[in-house]
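Engineer: fold the following and give me the result.
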Amino acid sequence: MQGTDIMRAELVYSLDLEDILVLFKRARTERNIGKQSYEFYNACLDRINNLVTERNSKVKKDQIIQILNEMSYYRPKEDEIYEKQRKHQGLMTKSEMQDDIISVRHKEIISEKADSFRTVPGDMAKFVFQNLSKGLFKDMFTQYDEEQESKFKVSLYDVLSNYIELYQNLEVRVNDMLNQDNITLTPKEGLDVLVSYSIAQEGTNTLFVKLIELLLKRQEPYDIVEIELVLNYFPHVIWRNEQQLMILRDRFYYPMTLKINEIINDLDSRQFLSVFQGLSLCGDQVFKLELFNKYLNSYVQRIQAATNKLNVEQCFTFLELYIQYMRANPSLLEIIDSHQLIQVSNQLVFNNELPKLTIHQISGLFWIFSNIGGSASFNQVTVDIAEERLSKLMREELLLQKNLEKDVEANVREGLQTMSVHDLEVIDYLYNNDINLKEVSKRSKEIQKLIKQAKHWDKPEKERKWFHI
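Structural biologist: The predicted model follows:
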């Protein structure tokens, strides 16, 4: 975002390391400071790179740890994922659309005219006519100065390049410290390095193995925050197909699982779910059956407790993680009774909460029921309550759409206002394909008819076909 930078990018190159890290901290902590531009971050990362790699660099161990700790909070790879998702959904900026519009239009013409008799003048005339009629021609060969200038600005991918290069350069320095006869890194500092590289999704297996060997010398127990960070961010995949590392793996995770076993009932709801997510990423060789059963028992206690009780959204999260873990470890399907788990969840949580759930929540609940399966999931009582709620919500949406159609001055977007077509499609798919739902449903035809009508109202007005609601 232009005009909100703490400091102009070109001035960053005159700062020392401490001042740059202070700028990073200000950017993430001070609420009155807006989002910084890519030019700012690129200059900061480039300056740090120069300070770390220059001849006779004055950047020592403590400063390297300080850099890695601060970098743990700056995550440009998350921005990259968001950008890819945005473009995949077709949400392009005007400049991005103009970059691609000529090639797209040519492809359309080639596809349309591939089998017909064509001449060059005829193609040119039709191309111009089609673009004029659609209002695209005026922007096809002309761009505003600000859009043209944007092509020369620093992009997210420039920032990512410097970000990755910085982690690679720091890895060389960290490996030097780890390879010394008298290792200068403490286990606490080694944990900071490991967490930073895990969050950044950088670092080689060699680095992680050396850091773990350092952590095995740790005397003090892990606290819950450290356990959360390691379990949720560490690349557990490094143990796969590495039989010689199995002993190292067991020694690494043992103090953490031991601590979880002791405090599992004292965790708050957020910590309870976060640790469960981390353990499920470790696999069944770390998340042993005994601890898994203890976690399931704690879940049941929490949904019926008077205090520190899991709310309905947290129950959704737990069961979704449970399903993913069971899918990844199918050997547990014969040992763990999933039907009893969902039956208890229905009785204590979902049957009471269903009359207040949204369409999005109900579609998620139906997905959970379908994946766990069995008559305990789609039982008669639960399905009756869910269908009553579905019918009410969709009828309210249809009535709202009819009122909006009459109100020509209404300043609202086209399409459904209180629900998503994707959620309706999930529900519709399960009504058509889930045997257990088909058997117990008494209002499947009504629900599917309402879904069809709701999907109709989500189309652009010019595409809708009239029929009686």
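Engineer: distance between stretch 388-407 and the chain's centre?
Structural biologist: Relative to its chain's centre, stretch 388-407 lies at 31 Å (Cα atoms, centre = their mean, to the nearest Å).
Engineer: that one - what's its average pLDDT?
Structural biologist: Across stretch 388-407, pLDDT averages out at 90.
Engineer: for stretch 28-36, same thing?
Structural biologist: For stretch 28-36, the mean per-residue pLDDT is 79.
Engineer: cool, stretch 154-171 as well?
Structural biologist: On average, stretch 154-171 scores 93.
Engineer: just give me the neighbour total for residue 292.
Structural biologist: Close neighbours of residue 292, defined as other Cβ atoms under 10 Å, add up to 20. Just so you know, the C-beta spots here come from the backbone N, C-alpha and C atoms, and that holds for glycine as well.
Engineer: same check, this time on residue 34
Structural biologist: 13.
Engineer: i'd like the first residue to be 680 from this point on
Structural biologist: Let's use 680 as the start, then, which means that last one is residue 713.
Engineer: tell me which element it is part of?
Structural biologist: Using DSSP states H and E, residue 713 sits in no helix or strand.
Engineer: surely it meets residue 685?
Structural biologist: No. The criterion here is Cβ atoms under 8 Å, and residue 713 misses it with residue 685 at 9.6 Å.
Engineer: could you list the low-pLDDT ranges of this protein?
Structural biologist: The model of the chain has pLDDT under 70 over residues 680-682, 773-797, 809-831, 1087-1089, 1141-1148.
Engineer: and residue 1114, what does it touch?
Structural biologist: Residues near residue 1114 by Cβ atoms under 8 Å, 6 or more residues apart in numbering: none.
Engineer: scratch that, residue 691 is what I was asking about
Structural biologist: Contacts for residue 691 (Cβ under 8 Å, 6+ apart) come out as 699, 702, 719, 722, 723, 726.
Engineer: mind listing which of the residues you listed are in strands?
Structural biologist: Within the contacts of residue 691, no residue falls in strands by DSSP state E.
Engineer: contacts for stretch 698-711 next, please.
Structural biologist: 685-686, 691, 694, 712, 715, 719, 723, 726-727, 745-746, 749, 752-753.
Engineer: I meant to write stretch 1028-1037 there.
Structural biologist: 982, 989, 991, 994, 1041, 1044, 1060-1061, 1064-1065, 1067-1068, 1072, 1097-1098.
Engineer: go again with 7 Å.
Structural biologist: Stretch 1028-1037 has contacts (Cβ atoms under 7 Å, 6 or more residues apart in numbering) with 982, 991, 994, 1044, 1060, 1061, 1064, 1065, 1068.
Engineer: stretch 739-756 now?
Structural biologist: Outside stretch 739-756, the residues that reach it (Cβ under 7 Å, 6+ apart) are 696, 700, 703-704, 707, 727, 835, 838-839, 842, 849, 852-853, 856, 863, 868, 871-872, 874-875, 878-880.
Engineer: can you pull out the helices in the stretch 930-1079 of the chain?
Structural biologist: 948-961, 968-982, 991-1007, 1017-1024, 1030-1032, 1038-1051, 1059-1085 (DSSP state H, counting those that start in this stretch).
Engineer: tabulate those (TSV), appending distance to residue 757.
Structural biologist: Below are the helices of the stretch 930-1079 of the chain laid out as TSV (distance: least, Cβ to Cβ, whole Å):
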stretch	distance to residue 757
helix 948-961	17
helix 968-982	28
helix 991-1007	20
helix 1017-1024	32
helix 1030-1032	32
helix 1038-1051	23
helix 1059-1085	33
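Engineer: of all the ones you listed, which one is nearest residue 1120?
Structural biologist: helix 1059-1085 (5.9 Å; Cβ to Cβ).
Engineer: flag every buried residue along that closest one.
Structural biologist: For helix 1059-1085, the buried set under the neighbour-count rule, 16 or more other Cβ atoms under 10 Å, comprises 1061-1066, 1068-1069, 1072-1073, 1076-1077, 1080.
Engineer: next, the angle from that helix to helix 1038-1051.
Structural biologist: 150 degrees (axes from the mean of the first three to the mean of the last three Cα atoms, to 10 degrees).
Engineer: just the CA trace of whichever helix or strand comes after helix 1059-1085, in CSV.
Structural biologist: Using DSSP H and E, the next helix or strand after helix 1059-1085 towards the C-terminus is helix 1100-1112. Output of helix 1100-1112 as CSV, limited to C-alpha atoms (Å, rounded to 0.1, in the frame of the first residue of the first chain):
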residue,chain,number,x,y,z
VAL,A,1100,-24.1,-21.9,-3.3
HIS,A,1101,-21.1,-24.0,-2.4
ASP,A,1102,-22.7,-25.0,0.9
LEU,A,1103,-26.0,-25.8,-0.8
GLU,A,1104,-24.2,-28.0,-3.3
VAL,A,1105,-22.5,-29.9,-0.5
ILE,A,1106,-25.9,-30.6,1.1
ASP,A,1107,-27.5,-31.4,-2.2
TYR,A,1108,-24.7,-33.9,-3.1
LEU,A,1109,-25.2,-35.7,0.2
TYR,A,1110,-28.9,-35.9,-0.2
ASN,A,1111,-28.3,-37.6,-3.6
ASN,A,1112,-25.4,-39.9,-2.5
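Engineer: helix 1100-1112 vs helix 1059-1085, what angle?
Structural biologist: Going by the same axes, to 10 degrees, helix 1100-1112 makes 140 degrees with helix 1059-1085.
Engineer: quick check: buried residues in the following helix or strand past helix 1100-1112?
Structural biologist: Using DSSP H and E, the helix or strand that follows helix 1100-1112 in sequence is helix 1114-1119. Residues of helix 1114-1119 classed as buried by neighbour count (16+ other Cβ under 10 Å): 1115, 1116, 1119.
Engineer: next one: stretch 1034-1050
Structural biologist: Applying 16+ other Cβ under 10 Å to stretch 1034-1050 flags 1036, 1038, 1040-1050 as buried.
Engineer: gap between it and the chain center?
Structural biologist: Its chain's average C-alpha position is 20 Å from that of stretch 1034-1050, according to Cα atoms, centre = their mean.
Engineer: also stretch 846-854?
Structural biologist: On Cα atoms, centre = their mean, the centre of stretch 846-854 falls 28 Å from the chain's centre.
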